[in-house]
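Novice: Any chance you can model this:
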Amino acid sequence: MRTITTSTGVSIDLDGDLLAIVEALYREVTARRELERSFEDLLQEITHLIGQMSDEERRTYLAESLFLNTVKYENDRLEAYIRRLTEGARGRE
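Specialist: Have a look, this model is predicted:
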């Protein structure tokens, strides 16, 4: 299995698991800096990781990212709809 490394040298297996990359980004950028990170800091690390991937690996992770983001978007919309229904029902009580 191929691996890539963060700018701090932490290895990440490229096995198609987007969550592994997200967790590594969190640990190496956000947690390491005790939540004191900027958009640019995170973007720089993401760019560093992407630069180590082949075109096929980037396609794989983009597809997974789009899928997960679509599911999250759908869940957020459903949650907002249910909240409006619930609030409307409370108002009629």
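Novice: elements contacting the longest helix anywhere in the chain?
Specialist: Identified as the longest helix of the chain according to DSSP state H is helix 55-91. Packing partners of helix 55-91 (3 or more CB pairs under 8 Å, 6 or more residues apart in numbering; DSSP states H and E): helix 18-25. The way it works is simple: take the backbone N, C-alpha and C, and place the C-beta from them, glycine included.
Novice: now the angle between helix 18-25 and whichever helix or strand comes after the helix it packs on, please.
Specialist: Once the chain leaves helix 18-25, the next helix or strand it forms, by DSSP states H and E, is helix 39-50. Using axes from the mean of the first three to the mean of the last three CA atoms, to 10 degrees, the inter-axis angle of helix 39-50 relative to helix 18-25 is 130 degrees.
Novice: How about residues contacting helix 39-50?
Specialist: Contacts to helix 39-50, defined as CB atoms under 8 Å, 6 or more residues apart in numbering, come from residues 4, 6-7, 12, 21, 25, 28-30, 33, 58.
Novice: can I get those in a markdown table with neighbour count and distance to Leu66?
Specialist: Listed next are the contacts of helix 39-50 as a markdown table, based on neighbours: other CB atoms under 10 Å; distance: CB to CB, whole Å:
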| residue | neighbour count | distance to Leu66 |
| --- | --- | --- |
| Ile4 | 18 | 20 |
| Thr6 | 19 | 23 |
| Ser7 | 12 | 25 |
| Ile12 | 19 | 20 |
| Ile21 | 21 | 14 |
| Leu25 | 18 | 17 |
| Glu28 | 21 | 24 |
| Val29 | 20 | 22 |
| Thr30 | 15 | 23 |
| Arg33 | 12 | 28 |
| Arg58 | 12 | 12 |
